[in-house]
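Asks: Next one to model:
(2 chains)
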Amino acid sequence: AQSVTQPDIHITVSEGASLELRCNYSYGATPYLFWYVQSPGQGLQLLLKYFSGDTLVQGIKGFEAEFKRSQSSFNLRKPSVHWSDAAEYFCALPGTGRRALTFGSGTRLQVQP
Amino acid sequence: SAVISQKPSRDICQRGTSLTIQCQVDSQVTMMFWYRQQPGQSLTLIATANQGSEATYESGFVIDKFPISRPNLTFSTLTVSNMSPEDSSIYLCSVPFGPGGPQETQYFGPGTRLLVL
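Replies: Okay, here's the model as predicted:
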């Protein structure tokens, strides 16, 4: 069955530092992959998605993610973090035979001034 | 894109009571999903609601506890019945929007934050 693993439960970075959030997936074929962000007290907002083609995907708010088939990874990156990026980040992919998403456990990002 | 609203945004309820959560979409969509997010946890799919048919529930969720209605293509309700403190969660509805396949994006409502005392 498809699954998503986010190894880091909590990450703290300084404002202005670079960021990489890890996501590993298990899927029989080339998956569609998504990154969502959930700010405190908010719903989920789509940051970016991958479905084929260029393995480096650009998203909103200066985020990008790189699909690496050999490593079964889809890590999220940002070159310079802003305090407003503090939030929970979820990696996701569609479940087996359905359009609903299976989510990773999430990574909580804290930004230090 | 799709804009989704939910009511109520939050509520505090007594155990043993029921709460109905509404989800309204600004476009007609065939499929809607209901998720639960327990405190500090990820999202878990409760059920898929298609207009004109019975909702399909995931393992661990039953219709008697989480009855769902889907009266038209823009609206759905989820009821949390006979609540206990373990039902304290954020409940989110979502819709897949787009032509399907890789062009499809799943949009989420803002969530309903439920606390059961």
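
Asks: A:P113: neighbour count?
Replies: A count of neighbours around A:P113, defined by other Cβ atoms under 10 Å in any protein chain shown, yields 6. C-beta coordinates here come from the backbone N, C-alpha and C atoms, glycine included.

Asks: Could you pull up phi and psi at the closest residue to it other than its chain neighbours?
Replies: Leaving aside its chain neighbours, A:P113 sits nearest to A:E15 (5.7 Å; criterion: Cβ to Cβ, 6 or more residues apart in numbering or on different chains). Dihedral angles of A:E15 (phi, psi; degrees, to the nearest 10) stand at phi -60, psi 130.

Asks: Touching, A:E15 and A:H82? I think so.
Replies: Yes - using Cβ atoms under 8 Å, A:E15 makes contact with A:H82 at a distance of 6.5 Å.

Asks: on that earlier part again, where does the residue nearest to A:P113 land on pLDDT?
Replies: Note for A:E15: predicted pLDDT of 97.

Asks: Pull the number of nearby residues for it.
Replies: 14.

Asks: for B:V3, same thing?
Replies: Neighbours around B:V3, by other Cβ under 10 Å: 11.

Asks: can I assume it is in contact with B:D26?
Replies: Yes - counting by Cβ under 8 Å, B:D26 is a contact partner of B:V3 at 4.4 Å.

Asks: Can you tell me who residue 5 pairs with across the strands?
Replies: If you meant another chain, say so; for now it's chain A. A:N24 (DSSP bridges).

Asks: Oops, wrong one, chain B.
Replies: Residues in beta-bridge contact with B:S5 (DSSP bridges): B:Q24.

Asks: quick one, phi/psi of A:W83?
Replies: The phi/psi pair for A:W83 (degrees, to the nearest 10) is phi -60, psi -30.

Asks: Return the list of strands paired to the helix or strand harbouring B:R36, each annotated with direction.
Replies: Taking DSSP states H and E as the definition, B:R36 sits inside strand B:31-37. Each strand that pairs with strand B:31-37, with its direction, by DSSP bridges: strand B:43-50 (antiparallel), strand B:89-97 (antiparallel).

Asks: got the residues of chain A near chain B?
Replies: A:32, A:34, A:36, A:42-46, A:49, A:51-52, A:90, A:95, A:98-106 (Cβ under 8 Å from any Cβ of the partner chain).
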